[in-house]
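Participant: Provide a 3D model corresponding to the input given below.
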Amino acid sequence: MGILDFTWYYIVVFLVLLTILVFVHELGHYWVARRNNVRVEVFSVGFGPELYGWTDSRETRWKISAIPLGGYVKMLGQEDIPEDGEEPRELTEAEKAVSFEYKTVGQRAAIVFAGPAINFLFGILVFAMLAGTIGTAVPLASIGKVLKGSAAEQAGFMTGDRVISINGQPITYFDELRTTVGKNPEVELTFGVQRDDEQLVLRAVPKTSTRTGEDGVATQVGLLGVEWDRENVEYERQNPLAALWFGIERTYTLTVAILKYVGDMLTGNRGTDDLGGPLRIAQVAGQMAQEGFVEYIHLMALLSVNLGLINLFPIPMLDGGHLVFYGIEVIRGRPLGPRAQEYGFRFGLILVLMLVVFVTWNDLVHLDVIEFIKGLIT
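Facilitator: Next up is the predicted model:
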């Protein structure tokens, strides 16, 4: 997709998604702050001038701001980057009792951690909701690809075939196919196959492969040499407990995959071309919304987990950076000085801005914006 295909529809869909995720993130900070008797002065969705807002009975100003690219919660005693020579306002005893600054390090850490934590929780609940209502995808025993030189190729399997039986036993799902084949290395099996409107009988001898289990024991398994058809799945609704477990497992798997991806980039084992920013996320959000509401909600859960994890990175300006400062405070017995915190936050700001510029450049290249501009000039 090029720049000419990048419509305002995509941007609006992305901003709606971002607004929901930011609200969820900041709601985590707000809720735990209130539980710890901290006065929240501002809850803002967006940055910049206020477009609409109101003040509740607890003196919190809830507002929607002009720049819908984030948001923040401002608590009493939670200052921005300190300025040289600026003296903080002296708080009264009543204000100290509800000030973020005067809470214990454990309370402050809990408030900061609550933002990313609720993003993970939101992802778990959305994944669980989808598993309980729409269901989880269970691959049918359909062939998406036949590997070259495999037992399946030698037996005459073709892409699009569906296995309906093995040695006369009915087969429905790909896992059943894989399990049966895996138990029979070098044993001829008879496959009942549905190909278009025709039923065939194919015979194949699974090749032997050695697999090492988690216990370190090597076993011999059979391989047919086929991949499942990702388009041919059946959705199976899960009961509430199974759906919740699916949400937890899905969130854990996604978190591990993201960390592995970042680790591979830092060690040079993976390039950075796939690293996308707001424009590419907007593109994907628009495409998912066009495919359907379920796909859009699934993307929301994926991005919520991403947002929670990224915010835990130990970079000043992010929640993870604050948690690092609190850890140092516990070790030292006192917080870092204002100057050290100032330098840390400014370094973090520079790092975040550099990352934003980098991923935006990646987006522009990915969307062919650079080539489009060159075409206008030449």
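Participant: got the domain boundaries for this protein?
Facilitator: With domains defined by automatic domain parsing, the chain comprises 3-133+238-377, 138-235.
Participant: mind checking how far the first one is from the chain centre?
Facilitator: Distance of domain 3-133+238-377 from its chain centroid, counting by C-alpha atoms, centre = their mean, to the nearest Å, is 12 Å.
Participant: which stretch in the domains of the chain has the least confidence?
Facilitator: Across the domains of the chain, domain 3-133+238-377 has the smallest mean pLDDT, namely a mean of 80.
Participant: returning to that earlier point: want to throw the domains of the chain into JSON lines with mean neighbour count?
Facilitator: Bear in mind the C-beta positions are built from the backbone N, C-alpha and C, glycine included. Shown next, in JSON lines, are the domains of the chain (neighbours: other C-beta atoms under 10 Å):
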{"stretch": "domain 3-133+238-377", "mean neighbour count": "16"}
{"stretch": "domain 138-235", "mean neighbour count": "16"}
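Participant: Strands of the stretch 151-300 of the chain, start to end?
Facilitator: Secondary structure of the stretch 151-300 of the chain (DSSP state E, counting those that start in this stretch): strands at 162-166, 169-170, 189-195, 198-204, 207-212, 218-223, 226-228, 233-236.
Participant: Distance to Thr92 added to the ones you listed, as TSV?
Facilitator: What follows is the strands of the stretch 151-300 of the chain, written out as TSV (distance: least, C-beta to C-beta, whole Å):
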stretch	distance to Thr92
strand 162-166	75
strand 169-170	77
strand 189-195	79
strand 198-204	82
strand 207-212	67
strand 218-223	71
strand 226-228	67
strand 233-236	59
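Participant: any idea how far Ala117 is from Gly134?
Facilitator: I think there's a mix-up here, since residue 134 is Ile and not Gly. Per C-beta to C-beta, to the nearest Å, Ile134 is found 26 Å from Ala117.
Participant: Now do the helices in the protein.
Facilitator: Using DSSP state H, the helices found in the chain span residues 8-35, 93-97, 105-133, 151-155, 174-182, 240-266, 278-291, 293-311, 319-332, 338-366, 369-377.
Participant: Select, out of the strands of the stretch 151-300 of the chain, the one closest to Arg39.
Facilitator: Nearest of those to Arg39, taken as C-beta to C-beta: strand 233-236 at 47.2 Å.
Participant: Now that closest one - C-alpha only, PDB.
Facilitator: Coordinates of the C-alpha atoms in strand 233-236 are reproduced here as PDB (Å, rounded to 0.1, in the frame of the first residue of the first chain):
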ATOM      1  CA  VAL A 233     -10.100 -23.200  10.400                       C
ATOM      2  CA  GLU A 234     -13.100 -23.800  12.700                       C
ATOM      3  CA  TYR A 235     -13.900 -21.600  15.600                       C
ATOM      4  CA  GLU A 236     -14.500 -23.300  19.000                       C
END
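Participant: Check which helices and strands that strand sits against.
Facilitator: With contacts defined as 3 or more C-beta pairs under 8 Å, 6 or more residues apart in numbering; DSSP states H and E, strand 233-236 has these neighbours: strand 136-139.
Participant: partners of the strand it packs on, with directions?
Facilitator: strand 233-236 (antiparallel) (DSSP bridges).
Participant: can you list contacts of the partner strand?
Facilitator: Contact partners of strand 233-236, identified using C-beta atoms under 8 Å, 6 or more residues apart in numbering, comprise 134-140, 173.
Participant: Among those residues, which one sits closest to Ile67?
Facilitator: The nearest member of the contacts of strand 233-236 to Ile67, counting by C-beta to C-beta, is Ile134 at 34.6 Å.
Participant: Return the per-residue confidence for that closest one.
Facilitator: Note for Ile134: predicted pLDDT of 89.
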